[in-house]
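**Student:** What shape does this take:
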Amino acid sequence: MANDNDGHARATAESRLGHLVAGHLNARSEQLPDGVAERLRGIRHMAVDRQPRRLQAAIPARRLALAVVGGSGGEANWRLRLGLLLAVPTLLFGLYMLQHFQQERFVHRIADIDTALLLDDLPPQAYVDPGFRTYLRQDD
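**Tutor:** Residues are numbered from 1 along each chain as shown. Predicted coordinates for the structure are as follows:
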């Protein structure tokens, strides 16, 4: 509740400051050359055109945040919560399975190498030879 009051007070203060700055700019605009006044007017229109878009983009994000934390939302509220509730365990299960698959693949690869080394008829000096790794890589 305190956050809502703080946000409202901040918005009010920003609005007041905006009106104060706009008033000062309007009072001084009569003293500017025509070219500068036209550029400022164009920039002002661009700023006004952008303002509603930012507010409209913030509304869906605020609704989503309210729905997640338990705000109003009616029918869509429980569907969103259910979707999030199912998405998190599904993601965790997928990550676990990916890690398990990678680990199994690694173990099988090491086991294949160990089996090949144990069943091979190479003399012990071959295992000490620096070119032995190159020989094994070429065999793959």
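
**Student:** Tell me the first helix or strand C-terminal of the helix or strand of the chain with the lowest mean pLDDT.
**Tutor:** Taking mean pLDDT, DSSP states H and E as the measure, the chain has helix 34-69 as its least confident helix or strand, at a mean of 68. Going down the chain from helix 34-69, the next helix or strand is helix 75-119, by DSSP states H and E.

**Student:** what packs against that next one?
**Tutor:** With contacts defined as 3 or more Cβ pairs under 8 Å, 6 or more residues apart in numbering; DSSP states H and E, the packing partners of helix 75-119 are helix 34-69. (Each C-beta comes from the backbone N, C-alpha and C, glycine too.)

**Student:** Distance of G23 relative to L84?
**Tutor:** Going from G23 to L84 by Cβ to Cβ, to the nearest Å gives 47 Å.

**Student:** what about the chain, any weak spots by pLDDT?
**Tutor:** Low-confidence segments of the chain, defined by pLDDT under 70: 1-5, 7, 29, 51-76, 124, 139-140.
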